[in-house]
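Engineer: Following is a predicted model, sequence given first.
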Amino acid sequence: EEIDFVQATALAGTEEKPVEVTAAERKKMSIEETRKSLPVYKFRKEFIEAVREHQVLIIVGETGSGKTTQLPQYLYEAGFADGGKRIGCTQPRRVAAMSVAARVADEMGTKLGGQVGYSIRFEDCTSDRTVLKYMTDGMLLREFLNEPDLASYSVMMIDEAHERTLHTDVLFGLVKDIARFRKDLKLLISSATLDADKFSKFFDDAPTFKIPGRRFPVDIFYTKAPEADYLDAAVVSVLQIHLTQPLPGDILVFLTGQEEIETVQEALIEKTKALATKIKELIILPVYANLPSDMQSKIFDPTPPNARKVVLATNIAETSVTIDGINYVIDPGFCKQNSFDARSGVEHLHVVTISKAAADQRAGRAGRTGPGKCFRLYTAWAYKHELEDQPIPEIQRVNLGNVVLLLKSLGIHDIVHFDFLDPPPQETLVIALEQLYALGALNHKGELTKLGRRMAEFPCDPQMSKMILASEKYQCSEEIITICAMMACNAAVFYRPKAMVIHADAARKSFWGAPIVGDHMALLNVYNKWKETNYSQQWCLENYIQHRTMKRARDIRDQLEGLLERVEIEPKSSTDSTTVRKAITAGYFFNCSKLDSAGHYKTVKNKHTVHIHPNSCLLEEMPRWLVYYELVFTSKEYMREVCEIESKWLLEVAPHYYKGQELEDPTNKKMPKQKGKSARELTGE
Ligand code: ADP
Ligand code: MG
């Protein structure tokens with residue numbers, strides 16, 4: 001099998017011949033030489049002068065030019081961290097925050113967590129000595145709660161501004177505001193794309209500092225006909241490139257998430273095994289958000305001679321992380337995006353087509369160290385007619401409950417008139433306010449309640465925070481924070497090696513409990529059993545449980561325990577699953593669905609058809625009422641992590657949201673206009 005590609009116009013470069021050091025030479029260079037070879041190096045003096053002269057500076061430079069790793073170091077060397085102040089730099093993705101901080105610590109010859117540190121949700125790797133601090137945009141937002149004027153910083157760099165994540169967009173408004181009364185605070189807004197005018201206008205016509213990029217031309221190829229299965233097409237293309245294109249030259253494939261990456265990885269391993277003796281070695285390296293960091297750093301290891309590296313990445317590799325030596329990019333044209341439909345009140349993760357701007361960014365990754373090639377697994381017609389020009393900023397497509405609660409906690413009451421770069425749809429703001437009201441975080445005047453203030457202490461979405469606070473009343477805070485920790489690590493708890501499926505499934509079932517009441521309780525059982533073994537790794541192995549995930553859950557739980565203390569909730573334990581499930585319901589009552597007479601689940605408020613996820617322990621139980629943690633759309637709309645409840649609990653935990661008759665009479669057609677939504681964590685990364 002082979003894919004028919006047609007060549008189209010190339011992405012223009014600024015360089016023709018690789019005058020730059022080749023990948024092979026680069027590998028031999030010292031850290032000092034590498035730093036000096038980056039495009040930004042030549043401009044370091046001008047950069048420092050510009051920062052001295054202006055309070056706000058918009059930085060524009062091609063990905064890989066050295067903005068993230070170098071600019072904070074130049075500022076440090078120029079004395080901007082003198083007098084005990086810090087230089088901060090935000091990243092939309094936590095993988096980027098960690099990997100960039102690690103790189104900079106290396107370049108400065110210090111240990112990570114010392115002079116150079118990072119802070120991401122549930123993980124603070126900084127100390128009193130930290131002067132260069134990388135953090136997710138979500139974490140900086142939370143820092144405003146404790147330090148509304150960012151007093152400990154002399155410079156704040158809002159990096160990857162072009163990504164327009166929800167948190168970055170909110171930060172724009174907040175930092176613009178504090179810059180007015182903190183004249184000594186320097187602001188850098190840095191972006192990899194050329195649409196800097198918009199940022200400049202927003203920041204009162206701040207000057208733009210351009211770092212001329214260095215990019216080689218990239219030939220663009222499209223498929224002749226649409227590909228039915230882009231994963232399969234990606235696998236075929238990798239092999240096609242590997243067999244026909246000369247070495248050296250690594251391959252970068254853009255996929256939408258961990259599952260796809262693992263599928264492609266498996267297929268490639270299988271196919272290359274079959275060809276083993278006939279082809280050069282192909283080193284397969286995955287990169288995605290939940291990949292353990294020691295494995296992530298492998299993508300930066302030099303490719304051995306006579307081998308080729310293929311990096312399977314999510315769109316983290318689009319602009320946040322630069323991998324040297326890539327000459328071939330394979331772009332199926334998709335990414336995962338969460339979106340919120342205000343009308344149906346449903347929020348979910350979807351695989352969507354990328355924008356033209358993103359497609360061109362992806363292609364550009366092939367031209368960093370020499371002329372490159374980009375293989376788009378879609379037709380030229382599709383590029384022209386089916387891709388939007390620019391991605392829609394997250395703030396205009398997601399649920400805003402979290403951000404509204406945070407802004408309210410910062411004393412910003414008039415959210416409709418907050419200084420947004422692009423305002424969110426009015427409808428979405430109203431829904432967020434209504435939901436916070438239903439959760440009890442706001443009163444009828446839209447003011448923060450005591451409950452809301454306590455909820456804001458937790459770096460979680462409002463539903464989860466509410467569930468934690470409800471555990472006080474139901475006297476089960478110990479169980480609830482365990483459940484939160486297990487869900488917040490957002491990584492697989494169980495694994496299922498192909499050869500051991502029967503054993504793995506049996507092990508998984510042993511945690512379901514009797515009676516089986518839901519996935520939350522199953523996760524709780526896993527954690528508690530693990531704890532009984534004194535956190536044994538061997539036990540995890542025997543039960544097909546990821547020890548790494550469990551360790552992370554334990555760390556998160558420790559942090560949540562500390563936060564409980566802050567809001568003065570005593571650790572209390574309950575052996576009664578009913579109380580635990582009531583606390584869950586108190587947070588997730590929006591996400592309630594009911595089995596109808598035809599045997600289908602419909603969400604209670606808007607009659608949206610949903611299905612129990614195949615991995616759920618309730619798949620065969622089919623309880624009449626349940627609440628779910630989130631909706632994931634793949635082939636169907638799936639509820640992930642479901643919990644059996646009784647309908648009368650809804651009246652107990654959300655009396656102003658549900659009406660009695662609505663819960664009892666299944667034929668009631670006159671439902672109040674829906675306000676519900678699904679749970680999606682918006683905090684942090
Ligand atoms: P920008 O922010 O402009 O996209 P970066 O500062 O992130 O650029 O990257 C500059 C260079 O630093 C990259 O080209 C890459 O070679 C190198 N680099 C960044 N992170 C790492 C890492 N973890 N390991 C090795 N090299 C890295
Ligand atoms: Mg960068």
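Structural biologist: Nice, thanks for sending it over. Ligands and ions are numbered 1, 2, ... in the order given.

Engineer: Can you list the buried residues in the longest helix belonging to the chain?
Structural biologist: Selection of the longest helix in the chain by residue count, based on DSSP state H, yields helix 547-566. Of all the residues in helix 547-566, those buried under the rule 16 or more other Cβ atoms under 10 Å are Thr549, Met550, Arg552, Ala553, Arg554, Ile556, Arg557, Gln559, Leu560, Glu561, Leu563, Leu564. Yep, even glycine has a C-beta here, placed from its N, CA and C like the rest.

Engineer: Please enumerate residues in contact with that helix?
Structural biologist: 122-123, 292, 457-458, 468, 477, 481-482, 484-486, 488-489, 491-493, 526-527, 530, 535, 537, 540-541, 570-571 (Cβ atoms under 8 Å, 6 or more residues apart in numbering).

Engineer: now do stretch 576-587
Structural biologist: With contact meaning Cβ under 8 Å, 6+ apart, stretch 576-587 is reached by 439, 463-468, 470-471, 473-476, 479-480, 483, 513, 517-518, 520-521, 524, 574, 592, 627, 643-645, 649-650, 652-654.

Engineer: Out of these, list just those in helices.
Structural biologist: Per DSSP H, the contacts of stretch 576-587 map to helices at 439, 463-468, 470-471, 473, 479-480, 483, 520-521, 524, 649-650, 652-653.

Engineer: Any idea how far stretch 610-626 is from the middle of the chain?
Structural biologist: Centroid separation between stretch 610-626 and its chain, computed with Cα atoms, centre = their mean, to the nearest Å, is 27 Å.

Engineer: pLDDT of that stretch, averaged?
Structural biologist: Mean pLDDT, stretch 610-626: 94.

Engineer: how long is it from one end to the other?
Structural biologist: In terms of Cα to Cα, to the nearest Å, the two terminal residues of stretch 610-626 are separated by 11 Å.

Engineer: With stretch 140-154 instead?
Structural biologist: Stretch 140-154 has an end-to-end distance of 14 Å (criterion: Cα to Cα).

Engineer: Tell me which residues of it come out buried.
Structural biologist: Under 16+ other Cβ under 10 Å, the buried positions of stretch 140-154 are Leu140, Leu141, Arg142, Glu143, Phe144, Leu150, Tyr153, Ser154.

Engineer: rewinding a little: which of the ones in helices among the contacts of stretch 576-587 are buried? Put it as a ChimeraX command.
Structural biologist: The buried subset of those, as determined by 16+ other Cβ under 10 Å, is captured in ChimeraX by this line:
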select :439,463,464,465,466,467,468,470,471,479,480,483,520,521,524,649,650,653
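
Engineer: Which ones among the ones in helices among the contacts of stretch 576-587 also lie next to ligand 1?
Structural biologist: Among the ones in helices among the contacts of stretch 576-587, no residue lies close to ligand 1 (Cβ under 6 Å from any ligand atom).

Engineer: quick one on the thing from earlier: list the ones among the contacts of helix 547-566 that fall in helices.
Structural biologist: Reading helices off these with DSSP H, I get 468, 477, 481-482, 484-486, 488, 526-527, 530, 537, 540-541.

Engineer: My understanding was that Asn290 contacts Ala491; is that so?
Structural biologist: Yes. Asn290 is in contact with Ala491 according to Cβ atoms under 8 Å; the separation is 4.3 Å.

Engineer: and the nearest residue to Ser293 once chain neighbours are set aside, what does it touch?
Structural biologist: Among residues not flanking Ser293 along the chain, Met98 sits closest, at 5.8 Å (Cβ to Cβ, 6 or more residues apart in numbering). Met98 makes contacts with Tyr118, Ile120, Cys125, Tyr134, Ser293, Gln296, as judged by Cβ under 8 Å, 6+ apart.

Engineer: On the secondary structure side, give me the element for Met98.
Structural biologist: helix 94-107 (DSSP states H and E).

Engineer: taking the mean pLDDT, what do you get for that helix?
Structural biologist: The average pLDDT for helix 94-107 rounds to 93.

Engineer: Please see if that helix touches ligand 1.
Structural biologist: Yes. With Cβ under 6 Å from any ligand atom as the criterion, ligand 1 is reached by helix 94-107 at Ser99, Val100, Ala102, Arg103.

Engineer: Closest to Asp422 out of those?
Structural biologist: Taking Cβ to Cβ as the measure, Asp422 sits nearest to Val100 out of these, at 26.6 Å.

Engineer: that older thread, return the closest of the residues of helix 94-107 next to ligand 1 with respect to ligand 1.
Structural biologist: Closest approach to ligand 1 among those (Cβ to the nearest ligand atom): Arg103, at 3.6 Å.

Engineer: what's the following helix or strand after the helix holding Met98?
Structural biologist: strand 116-120.

Engineer: The protein against ligand 1: which residues are in contact?
Structural biologist: So the chain meets ligand 1 at 38, 61, 63-70, 99-100, 102-103, 300, 322, 324 (Cβ under 6 Å from any ligand atom).

Engineer: now those residues: which count as buried?
Structural biologist: 38, 61, 63-70, 99-100, 102-103, 322, 324.

Engineer: returning to that earlier point: pLDDT on the longest helix of the chain, on average?
Structural biologist: Mean predicted lDDT for helix 547-566 stands at 94.

Engineer: Let me know the next secondary structure element after that helix.
Structural biologist: Later in the chain than helix 547-566, the nearest helix or strand by DSSP H and E is helix 577-588.

Engineer: Between helix 462-473 and that next one, find me the angle.
Structural biologist: In terms of direction (axes from the mean of the first three to the mean of the last three Cα atoms, to 10 degrees), helix 577-588 departs from helix 462-473 by 140 degrees.

Engineer: Which one (most neighbours) among the contacts of Met98?
Structural biologist: Highest neighbour count within the contacts of Met98, by other Cβ atoms under 10 Å: Tyr134, with 34 neighbours.

Engineer: ok, and what's touching the strand or helix carrying it?
Structural biologist: Element membership of Tyr134, judged by DSSP H and E, is strand 132-136. With Cβ under 8 Å, 6+ apart as the test, strand 132-136 has contacts from 72-73, 76, 81, 86-94, 97-98, 100-101, 104, 108, 115-121, 126, 143, 167, 684-685.

Engineer: Mind checking which of those are buried?
Structural biologist: 72-73, 76, 81, 86-94, 97-98, 100-101, 104, 108, 115-121, 126, 143, 167, 684-685.

Engineer: surely Trp31 meets Glu107?
Structural biologist: One correction, residue 31 is Ile, not Trp. Yes. With contact defined as Cβ under 8 Å, Ile31 reaches Glu107; the gap is 5.4 Å.
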